[in-house]
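Student: Need coordinates for the following:
(one chain, ligands or ions: 2)
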Amino acid sequence: MKPQTHPKTYRVKSFGCQMNVYDGERMGEMLDEQGLAPAPDGEDADLVVLNTCHIREKAAEKIYSDIGRLTKGKTQTKAPMIAVAGCVAQAEGEEIMARAPAVSMVVGPQAYHRLPDMLDKAVQGERATDTDMPAIAKFGALPARKRRSPTAFLTVQEGCDKFCTYCVVPYTRGAEISRPFSDLIDEARKLIEAGAREITLLGQNVNAWGGEDTKGHSVGLAGLIHALAKLDGLERIRYTTSHPNDMDDALIAAHGEVEQLMPYLHLPVQSGNDRILKAMNRAHTAESYLRLLERFRGVRPDIALSGDFIVGFPGETEAEFEDTLSIVDEVRYAQAYSFKYSPRPGTPAATMDNQIAPEIMDERLQRLQARINRDQLAFNAATVGRTCDVLIERKGKLPGQWLGKSPWLQSVFFEGDFELGDLVTVDLVEGRGSSVRGVPVQPAKAQATA
Ligand code: 5AD
Ligand code: SF4
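Tutor: Numbering: from 1, shown residues only. Ligands and ions are numbered 1, 2, ... in the order given. Prediction:
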C-alpha cells in the first residue's frame, strides 16, 4: 500500500449491539486526541472506521458491501482510508485483509486502544492487523471521557463464558472479564461532569459483573449500582444485557431500593421450550425464567420487561415454536427483539442436524413479531394516564418537538420550551405505535407514578 496523507477527519460507523456503540465512541475519542475531527454530517471523511457485528450472517456480510460502496465512490465522493473494527474483524481479520485490499487496518474489540499506532503505520503505507485479546488492557490505555451527552454507555463487563450453542460472542469477545470498581466509578464521574444524567451499564453478561468496592468487600452488580446511585447528578441508571442464571437476590432487591434504577429489565430467554433451551445450552428452563420475572415484578410491579428470541433453531418443531408464543403471551413484554436463527461458523449449532428451512423461519418470525408488537402497543396504551419524567435525548421531527425516554424506556415525544438533557415531567396522553405522546406538566419535576 502507498504512503498516504494523514487523515484529518473521521467517521465511525457502528453496527450491532450497544457495546459496539460504546467502543465506537471510545475510538472516536482516541482519534480526537490524535488531532482528527469528526467529519460533519453529509461530508466526506478521510478515515472511515467500520465497527462491525458478527452475531448474524447478514450483519457480517454487510461489511463487504460497505467497503465496496466506499471505494467505488457511492458513499462519499473521495475514497477514504478504511479501518475494520468489531467482531467481524476479530473473527475474520485475515480474510478481510485478503479479500479487501482497500482496507488499511483491521482491529479487534479488545485491541482498539492500539488504533492510533496502527493509523501512524497505515499513513506510512503499512497495512496492519491486531486481533490480540489482552485481558482488559485497553481500558487503561484509553483517553478520559469527555463527550457531552445526557445519556451515556459505560462498559463494565465484557465477554461471555456461557457458550450458548448458536452464539459467536464467546469466540469474538472472549472470556468474561469485569472492569475494576474504582475505574468504573471514575469513568461514571467523568461522564456526569460531561453532562450525563443517565448511564447504561453494558456487558454481554452485565449481571455477571463482580469486583471489590473501596473497602475491599466483594460486590456484584447491585453493589456497583448502589455506589453509582450516590454520585451527585446521576438521575438514572440502567443495565443491559443480563443472563437469567447470573441474577442474584441483591440485584432483584435493588429494583425496589434504588430510586435511580429505572423500572426496565432486558432479560433474554431465546425460546419457550425446554428441549430447545437445553439444545441451546441455556442452562435454564422456561419455568425458572418465568419465576425469576415474577420476583422482579414482586419488588417493582410496574417493571417493563424486554427479551430476545431466536426462531428456527435446528430441530425446532411447530409445537416447540408454539411454546415460544406461549411464553410471550404469559410475560406480555413491553418490547422484545426476535431473530431468525443464523448458523455461525465454529459454533456447535451450525453443524446440528435438522436445520430449519428459511421459509419456515420467515413464517415463524412473522407470527412471533405480531404478538410482540401487540404487547408493545398494549403496554404503551396502558401507560396512558401516567405521569413520569422524560429525559430529553434529541429534537423531534417537528419544530419545537422533543424526544426522550420514559422510565420504562418508551420513546416519548412532546412540545415545549426545553433543552437537550432536561428531565421533564409529562403526562402520557396517547400511545402512537412504538412511541407515546406526552404533555409537559408545569411546573417541573414529580416522581414517576405507576
Ligand atoms: N442467530 C440468531 N440470533 C442470534 N443471537 C445470537 N446469536 C444468534 C444467531 N446465531 C441473538 C440472541 C441474542 C441476541 C443478541 O442475538 O437472541 O440474545
Ligand atoms: Fe451469546 Fe449466550 Fe453469551 Fe448471550 S449468554 S453472549 S447469547 S453465548
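Student: residue ranges with poor pLDDT in the stretch 251-400 of the chain?
Tutor: For the stretch 251-400 of the chain, no stretch is flagged by pLDDT under 70.
Student: All the helices of it, residue numbers only.
Tutor: 274-279, 286-299, 318-331, 358-383 (DSSP state H, counting those that start in this stretch).
Student: The second one close to ligand 2?
Tutor: So the one you mean is helix 286-299. No: against ligand 2, helix 286-299 shows no contacts by C-beta under 6 Å from any ligand atom, the least distance being 13.2 Å. (Glycine included, C-beta is placed from N, CA and C.)
Student: Tell me which of the helices of the stretch 251-400 of the chain sits nearest to residue 239.
Tutor: helix 286-299 (12.8 Å; C-beta to C-beta).
Student: Could you list every helix and strand in contact with the closest one?
Tutor: On a contact count with 3 or more C-beta pairs under 8 Å, 6 or more residues apart in numbering; DSSP states H and E, helix 286-299 meets helix 249-257, helix 274-279, helix 318-331.
Student: ok, is the shortest one in contact with ligand 2 or not?
Tutor: No: looking at helix 274-279 against ligand 2 by C-beta under 6 Å from any ligand atom, there are no contacts, and the closest approach is 11.3 Å.
Student: What would that helix look like as CSV? C-alpha coordinates only.
Tutor: C-alpha atoms of helix 274-279 as CSV (Å, rounded to 0.1, in the frame of the first residue of the first chain):
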residue,chain,number,x,y,z
ASP,A,274,-37.2,-26.7,27.4
ARG,A,275,-35.8,-29.2,24.9
ILE,A,276,-34.7,-26.3,22.7
LEU,A,277,-33.3,-24.4,25.7
LYS,A,278,-31.3,-27.4,26.5
ALA,A,279,-30.0,-27.8,23.0
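Student: Give the other helices and strands that that helix contacts.
Tutor: Checking 3+ C-beta pairs under 8 Å, 6+ apart, helix 274-279 ends up next to helix 286-299, helix 318-331.
Student: What of the longest one?
Tutor: In this structure, helix 318-331 packs against helix 274-279, helix 286-299, strand 304-311, helix 358-383, with contacts taken as 3+ C-beta pairs under 8 Å, 6+ apart.
Student: what does the shortest one rub up against?
Tutor: Contact with helix 274-279 is made by 165, 270-271, 284-287, 313-316, 320, 323, 349, 352, as judged by C-beta atoms under 8 Å, 6 or more residues apart in numbering.
Student: Buried ones in that helix, by neighbour count?
Tutor: Residues of helix 274-279 classed as buried: 274, 276-277, 279 (neighbour count, 16 or more other C-beta atoms under 10 Å).
Student: Tell me if it is near ligand 1.
Tutor: No: judged by C-beta under 6 Å from any ligand atom, helix 274-279 stays clear of ligand 1, getting no closer than 12.4 Å.
Student: Show me how far that helix is from its chain's centre.
Tutor: 26 Å (C-alpha atoms, centre = their mean, to the nearest Å).
Student: any idea how far the residue in the stretch 1-150 of the chain that ligand 2 sits nearest to lies from ligand 1?
Tutor: Of all residues in the stretch 1-150 of the chain, residue 55 sits closest to ligand 2, at 8.0 Å by C-beta to the nearest ligand atom. Distance of residue 55 to ligand 1, computed by C-beta to the nearest ligand atom, to the nearest Å: 5 Å.
Student: ok, now residue 266?
Tutor: Residue 266 is 9 Å from ligand 1, by C-beta to the nearest ligand atom.
Student: That residue: how many residues sit nearby?
Tutor: Residues contacting residue 266 under the criterion other C-beta atoms under 10 Å number 20.
Student: For residue 397, grab the count of nearby residues.
Tutor: Other residues near residue 397 number 7, with proximity taken as other C-beta under 10 Å.
Student: now residue 432
Tutor: Look at residue 432: counted by other C-beta under 10 Å, it has 11 neighbours.
Student: repeat for residue 65
Tutor: For residue 65, the count of nearby residues is 10 (other C-beta under 10 Å).
Student: Show the model's pLDDT score for it.
Tutor: With respect to pLDDT, residue 65 scores 90.
Student: Which secondary structure elements does the helix or strand hosting it sit against?
Tutor: Here residue 65, judged by DSSP states H and E, is contained in helix 57-71. Under the contact definition 3+ C-beta pairs under 8 Å, 6+ apart, helix 57-71 sits against strand 47-52, strand 81-85, helix 86-99.
Student: Run the angle between the first one and helix 86-99 for me.
Tutor: Calculated by axes from the mean of the first three to the mean of the last three C-alpha atoms, to 10 degrees, strand 47-52 forms an angle of 120 degrees with helix 86-99.
Student: Kindly report the domain assignment for the chain.
Tutor: Domain segmentation of the chain under automatic domain parsing yields 9-137, 145-261, 263-382, 387-447.
Student: Now tabulate the ones you listed in JSON lines and tack on distance to residue 1.
Tutor: Listed next are the domains of the chain as JSON lines, based on distance: least, C-beta to C-beta, whole Å:
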{"stretch": "domain 9-137", "distance to residue 1": "5"}
{"stretch": "domain 145-261", "distance to residue 1": "26"}
{"stretch": "domain 263-382", "distance to residue 1": "28"}
{"stretch": "domain 387-447", "distance to residue 1": "39"}
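Student: nearest to residue 3, of those domains?
Tutor: domain 9-137 (4.2 Å).
Student: follow-up on the earlier one: can you point out the buried residues in the helix holding residue 65?
Tutor: Neighbour-count burial for helix 57-71, counted by 16+ other C-beta under 10 Å, picks out 59-60, 62-63, 66-67, 70-71.
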